[in-house]
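Participant: Next come a sequence and a model predicted from it.
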Amino acid sequence: MKALSDFVKERRKEVNLTQEEFAERIGVALTVIRKIEQGKTNMNLDKVNLVLKMFGHELVPVKILEKTK
């Protein structure tokens, strides 16, 4: 499975946008794009989803099921 940081960076480059242009087009701060592409883990899920929506994707929280004995 590809890391979120790699996915966003590769897709952004495929559409030939700088980080600044990409952030402006989506309507998020440049720091949001930089944090995602650097693999930071403490990010706002809504902001991440704004970025992913550009590529037809979305992250959702998942419930971790406990193992049964």
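Facilitator: Sure thing, it's come through.
Participant: Quick one, grab the pLDDT at the most centrally placed residue in the chain.
Facilitator: Per Cα atoms, centre = their mean, the C-alpha nearest to the average position across the chain is that of Val48, at 4.3 Å. The predicted local distance difference test score for Val48 is 88.
Participant: burial measure for Glu37, as a count.
Facilitator: Glu37 is surrounded by 19 other residues when neighbours are defined as other Cβ atoms under 10 Å. Glycine gets a C-beta too; all of them are placed from N, C-alpha and C.
Participant: what residues are up against it?
Facilitator: Applying Cβ atoms under 8 Å, 6 or more residues apart in numbering to Glu37 gives the contacts 5, 8-9, 12, 19.
Participant: what's around the closest residue to it other than its chain neighbours, how many residues?
Facilitator: Setting aside the residues directly before and after it, Glu37 is nearest to Lys9 in space (Cβ to Cβ, 6 or more residues apart in numbering), at 4.7 Å. Neighbour count for Lys9, taken as other Cβ under 10 Å: 18.
Participant: What is whichever helix or strand Lys9 is part of packed up against?
Facilitator: Secondary structure assigned from DSSP states H and E places Lys9 in helix 4-14. If you count contacts as 3 or more Cβ pairs under 8 Å, 6 or more residues apart in numbering; DSSP states H and E, helix 4-14 packs onto helix 30-37, helix 45-53.
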